[in-house]
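# need a structure here:
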Amino acid sequence: MRRHLTVTVLAVLASGCATVGQVKALEARVNSLEKRMARTEGATEATDEKIGNLVSRVATLESNYKILYDKVNELSKAAGAGEVPKVKSVK
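Numbering: from 1, shown residues only. The predicted structure follows:
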């Protein structure tokens, strides 16, 4: 990105369409945008990681629920109470 900025600045200066102050203001704005973009990319990566962890935890909870449900059913049948009604899926 820095290379593109340099080429743009040189082209603008060579054409005589901008003052040095305008070029510096443009550089400052581009620098600011690059920093914001880097922060956004970092935040996106962190969010992706959190979502991945959450998906994994939900899968574990679903698995644990099935194991627990099966065990409760087994105990209920052993006690002669019959099958336990299944809870609606959270999905």
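# Now residue 18: which helix or strand?
Element membership for residue 18, per DSSP states H and E: none, as it lies in no helix or strand.
# I meant residue 80, not that one.
Going by DSSP H and E, residue 80 is not in any helix or strand.
# let's have the chain start at 42 instead
That works, and once the first residue is 42, the last one we named lands at residue 121.
# Look at residue 127 and report its pLDDT.
Note on residue 127: pLDDT of 66.
# In this protein, where's the longest helix?
helix 61-119 (DSSP state H).
# Mind giving me the packing neighbours of it?
helix 43-56 (3 or more Cβ pairs under 8 Å, 6 or more residues apart in numbering; DSSP states H and E). For the C-beta atoms, the positions are set from N, CA and C on the backbone; glycine is no exception.
# could you give the mean pLDDT of the helix it packs on?
68.
# got it, and stretch 91-99?
95.
# Output that stretch as CSV, nothing but the C-alphas.
Presented in CSV, the C-alpha positions along stretch 91-99 are these (Å, rounded to 0.1, in the frame of the first residue of the first chain):
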residue,chain,number,x,y,z
LYS,A,91,-14.2,-16.6,19.5
ILE,A,92,-16.8,-17.9,17.1
GLY,A,93,-14.8,-21.0,16.5
ASN,A,94,-14.5,-21.6,20.3
LEU,A,95,-18.2,-21.0,20.7
VAL,A,96,-19.1,-23.5,18.0
SER,A,97,-16.9,-26.1,19.6
ARG,A,98,-18.4,-25.5,23.0
VAL,A,99,-22.0,-25.8,21.6
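# Now find how far off-centre that stretch is within its chain.
Relative to the chain's own centre, stretch 91-99 is displaced by 11 Å; criterion: Cα atoms, centre = their mean, to the nearest Å.
# again, but for stretch 60-71
That offset, for stretch 60-71, works out to 33 Å (Cα atoms, centre = their mean).
# quick check: mean pLDDT across that stretch?
Here the average pLDDT along stretch 60-71 is 84.
# next one: stretch 78-87
Rounded mean pLDDT across stretch 78-87 is 91.
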